[in-house]
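Q: Curious how this folds, go ahead:
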Amino acid sequence: MPEPTAPAPTPLPYATLLAFARYVDRTGPAKANFVGGLRKQRASRSGFNPHGQLVKALKADIAFRTGGRHLAEIAGLVKPRWRPLYEALVPGTVSYLHSLGDLSAVDLAQTRDAVGMLGDLPVKINPHLGLRYDDGRREAVRLHFDEQPPSPEALLATLHLMGRQMEQVLPGAEPVLVDVRRGVPHHRDPAARPDQVERWLAGEAAAFTAIWSTAA
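A: Numbers count the residues shown, from 1 in each chain. The predicted structure is shown next:
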């Protein structure tokens, strides 16, 4: 008789920064459904990033000071199924590029991914790019691609979690979340109290972990 197949190990709780920001946006049963979907995706190791070529084009325009030429070309280079998405994303991305000002005063900076712990929940902090300005400023930038603007909760969570790991990500940098479709960069709210944000996120993370552990 064939040997019985051992059950697959249960994946440990884990979230990317994007996933956790989307989680805090949800309420009630939608939270449980979302976490259950993340757990299944983690177990199957599935997932695909359709935005990678847009990020590369943006970086190329910054690095080579080409003012949006790479972004203007990218929608015609991606697979046909992704062209409507890129056509929706490119104008706002070009607006953001122009908002950086004189590109001769801006350089790309190397960022590193980091893992921040919220209680027992590891959250992967992964900016899309880093910027270094001639005046000494640095920014670690994440891009928000969704049709809807980032909610106040998603902004607060994203910028706080990036900021608390910044010594690993890009020392001395400020976290920035760019709403790509509208070309709007968002920065931390100076009125937000870090201790209160930390307590809120800890509670959200504890609930996330509990849902993960009981999801089928």
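Q: Which residue ranges of this protein form helices?
A: Taking DSSP state H as the criterion, the chain contains helices spanning 17-24, 29-44, 52-63, 69-74, 83-99, 152-164, 166-169, 194-214.
Q: rank these by pLDDT, which is bottom?
A: Lowest mean pLDDT of these: helix 29-44, a mean of 89.
Q: Mind giving me the packing neighbours of that helix?
A: helix 17-24, helix 194-214 (3 or more Cβ pairs under 8 Å, 6 or more residues apart in numbering; DSSP states H and E). For the C-beta atoms, the positions are set from N, CA and C on the backbone; glycine is no exception.
Q: Report the buried residues of the shortest one.
A: Right, helix 17-24. Buried residues in helix 17-24, defined by neighbour count with 16 or more other Cβ atoms under 10 Å: 17-24.
Q: got a markdown table for those residues, with distance to residue 159 too?
A: Converted to a markdown table, these look like this (distance: Cβ to Cβ, whole Å):
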| residue | distance to residue 159 |
| --- | --- |
| 17 | 10 |
| 18 | 13 |
| 19 | 16 |
| 20 | 13 |
| 21 | 10 |
| 22 | 15 |
| 23 | 16 |
| 24 | 12 |
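Q: which of those residues lies closest to residue 110?
A: residue 17 (18.3 Å; Cβ to Cβ).
Q: what about the closest residue in space to that closest one that isn't next to it in sequence, distance to residue 149?
A: Leaving out its chain neighbours, the residue that sits closest to residue 17 by Cβ to Cβ, 6 or more residues apart in numbering is residue 125, at 5.4 Å. Residue 125 sits 21 Å away from residue 149, going by Cβ to Cβ, to the nearest Å.
Q: okay, the two: which has more neighbours?
A: residue 125 (25 against 14; other Cβ atoms under 10 Å).
Q: what pairs with the more buried one across the strands?
A: Residue 125 forms beta bridges with residue 114, as assigned by DSSP bridges.
Q: and it, what is it in contact with?
A: 17, 113-116, 161-162, 165, 168-169 (Cβ atoms under 8 Å, 6 or more residues apart in numbering).
Q: how about 7 Å then?
A: 17, 113-114, 116, 161-162, 165, 169 (Cβ atoms under 7 Å, 6 or more residues apart in numbering).
Q: what's the answer for residue 83, then?
A: residue 75.
Q: one more time with 8 Å
A: Counted by Cβ under 8 Å, 6+ apart, residue 83 has contacts 75-76.
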